[in-house]
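**Student:** just a sequence and a predicted model for now, questions to come.
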Amino acid sequence: MEPQNARPFAHLDAPLSDTYRRVMGVFVENKRRFVVHLRPEDVAEALRRDGGSGLSQETVDKALGSLAEWGNLRADPDTSRVTTVEDFYRARHLYQLSREGEAAERALEVYEQEIGRRGELQAVALEDIRVRLRALRDLPGHPDPAVAHNLLLELMSRLDSLAANASAFMSGLQRTIELQDVDEEAFLAYKDRLIAYLERFVSELVVKHHDIATTLRALPPEHVAALLAAAAGREAADAVPDGAARAAEETPSAAVSAATGEKLAAWESRWSGLWSWFVGGRGHPCQADLLRTRARKAIPDLLATISVLQERRAGRSDRSSDFRALARWFAQSPTEQDAHRLWRAAFGLSTARHLTAEPGAPIAEVPAATSWLEAPRVEVSARLRAAGHYAKRGAPKGVRDRTAERESLAREVAAEREQTEAARRRLATGRTARLSEIGLLDRQEFALFLRLLGDALAAGPPGPDGAIRTRTSDGALAVTLRPVGGLAEVETEDGVLRGPDHELTIVDLMTGPEPMAVRS
């Protein structure tokens, strides 16, 4: 007996879903061995052997009843062991998979396979398709239906596998490129093999695709029609009649003809899919071209992802490790004064020089670097302690005119900017020069030179040609640094900087390169 409103997926979110899945697994496994009916005790015995937790016969009976109620199983009265009237009236059933239950199990199996599919680019499938197409081309005008049918089945099976696995692989690759659910360490470990895998498939696809497309175009349409008709006729011979009423009205020849037409239409659709995969048409690119384009684009995308991961790893900041390093620096400070300087540099906390609480005698001028333990005592009024603010009695002081100070600061800023621009014109020439040939640098030129040199060294590692290329943070200067060997000495107004010699090229991207003047 089968329920009218079957709900074959209801057991998935039921409280005992694991038990129901085990019971359905027993029926699926026995169905593969062509065992159709099972008694409750047979199911209980199979569950004891499947390696799971043991279930009582009562639990199994309740699970079978629930599955039959949902429509996963069909329950038929078991009269084979009735020997008395009492046995006849006792409820005994034989259980078998219903159509709905079997369809649900197949759907779940496909779902689990697709979820677990890793996907792959099957270069071997391309070779198999090419070989079978050549075999179809070499068949005689009236081929053996069995040979043609088998070749077409193998051809379409390989095409379906190639398309499904390529789609799954490219989807997984896109998730990898976008760093979704990816183990970064594992990705960095196998990146080289992945790129080599893509390059090998692209090269195979270019060669095999051209050969397959050429073979498809060379096949005469009448030869293809004969092959598809032979395969359709062979499948139609085994077709089951479609319904008792229709089978009674049709003659055998009409039934075979109708089945042949349906099979032929299906084979023509498959052949059209094969054609669109490797040849295309009507201005649309074929699927093989799209796959090759996407696989090629994935290689630079992967390299960009690797670059992002490397930058992320190189620039990763860990606050706990920073504090541990700072603690080591405090422990290694030679004097207490050095520890105070480190404190001010790390946390930016200095003396409160803006405090103007002056209840009595004037405050002596004390340097900002003086420790509060050694500085003279400052009295704070009770009002400031109680209210948090201090208001001096009497009329407020007049606002001081700061015009002269602002003009002085503006002159200093303009002079400093002019010196910096002169240093840029001196160094950013666009010409390659060795560090040992730069000549004497003043303070502004040396400060700019040292900053650019530090940016270039920090932008490593070098490229394939051994050079390091970078830009300043404002994008105004481009710096190229290439080691050449030897020792370089850069003279400055304050001393000599010694280090490994390099070839240095600085380009001002705002004005363009000019001849470099080397100062002796």
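**Tutor:** On my side now, so go ahead.
**Student:** what's the offset of stretch 31-46 from the middle of its chain?
**Tutor:** 45 Å (Cα atoms, centre = their mean, to the nearest Å).
**Student:** output that stretch as PDB, nothing but the C-alphas.
**Tutor:** The C-alpha coordinates for stretch 31-46 follow below in PDB (Å, rounded to 0.1, in the frame of the first residue of the first chain):
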ATOM      1  CA  LYS A  31      17.900  -3.700  -4.400                       C
ATOM      2  CA  ARG A  32      21.400  -3.700  -6.100                       C
ATOM      3  CA  ARG A  33      21.400  -7.500  -5.500                       C
ATOM      4  CA  PHE A  34      17.900  -7.800  -6.900                       C
ATOM      5  CA  VAL A  35      16.400  -8.600  -3.500                       C
ATOM      6  CA  VAL A  36      13.000  -6.800  -3.600                       C
ATOM      7  CA  HIS A  37      11.100  -7.700  -0.400                       C
ATOM      8  CA  LEU A  38      12.500  -7.600   3.100                       C
ATOM      9  CA  ARG A  39      11.000  -8.600   6.400                       C
ATOM     10  CA  PRO A  40      11.600  -6.400   9.600                       C
ATOM     11  CA  GLU A  41      13.800  -9.100  11.100                       C
ATOM     12  CA  ASP A  42      15.900  -9.100   7.900                       C
ATOM     13  CA  VAL A  43      16.400  -5.300   8.200                       C
ATOM     14  CA  ALA A  44      17.300  -5.600  11.900                       C
ATOM     15  CA  GLU A  45      19.900  -8.300  11.100                       C
ATOM     16  CA  ALA A  46      21.400  -6.100   8.300                       C
END
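**Student:** can you tell me what sits against it?
**Tutor:** Outside stretch 31-46, the residues within contact range by Cβ atoms under 8 Å, 6 or more residues apart in numbering are 23, 26-27, 29-30, 55-57, 60-61, 64, 76, 78, 93-97, 102. From N, CA and C alone the C-beta is placed, and that goes for glycine too.
**Student:** if we go to 10 Å?
**Tutor:** For stretch 31-46, the surrounding residues in contact (Cβ atoms under 10 Å, 6 or more residues apart in numbering) are 22-23, 25-27, 29-30, 54-61, 63-65, 73-74, 76, 78, 80-81, 92-97, 102, 105.
**Student:** over to stretch 485-504?
**Tutor:** Applying Cβ under 10 Å, 6+ apart, the set of residues contacting stretch 485-504 is 427, 431-447, 449-450, 452-453, 456-457, 467-468, 479-484, 519.
**Student:** buried ones among those?
**Tutor:** Neighbour counting over these (16 or more other Cβ atoms under 10 Å) leaves 427, 433, 435, 438, 441, 444-446, 449, 452-453, 456, 468, 479-482 as the buried ones.
**Student:** which ones among the residues you listed map onto helices?
**Tutor:** Leu427, Gln444, Glu445, Phe446, Phe449, Leu452, Leu453, Ala456 (DSSP state H).
**Student:** so which one among these has the lowest pLDDT?
**Tutor:** On pLDDT alone, Leu427 ranks lowest of those, at 77.
**Student:** grab the nearest non-local neighbour of it.
**Tutor:** Among residues not flanking Leu427 along the chain, Ile506 sits closest, at 5.3 Å (Cβ to Cβ, 6 or more residues apart in numbering).
**Student:** quick one, helices of the stretch 51-200 of the chain?
**Tutor:** Secondary structure of the stretch 51-200 of the chain (DSSP state H, counting those that start in this stretch): helices at 57-70, 85-89, 99-116, 123-137, 145-177, 184-218.
**Student:** please pull out the lowest mean pLDDT helix or strand from the protein.
**Tutor:** Sorting the helices and strands of the chain by mean pLDDT, DSSP states H and E puts helix 244-249 at the bottom, at a mean of 48.
**Student:** ok now the helix or strand just after it, how far from the chain's centre?
**Tutor:** With elements assigned by DSSP states H and E, the helix or strand that comes after helix 244-249 is helix 252-278. A distance of 41 Å separates the centroid of the chain from that of helix 252-278, by Cα atoms, centre = their mean.
**Student:** what's the answer for stretch 335-343, then?
**Tutor:** Distance, centroid of stretch 335-343 to centroid of chain: 48 Å (Cα atoms, centre = their mean).
**Student:** what does it contact?
**Tutor:** By Cβ under 10 Å, 6+ apart, stretch 335-343 touches 326, 329-333, 349-350, 369-373.
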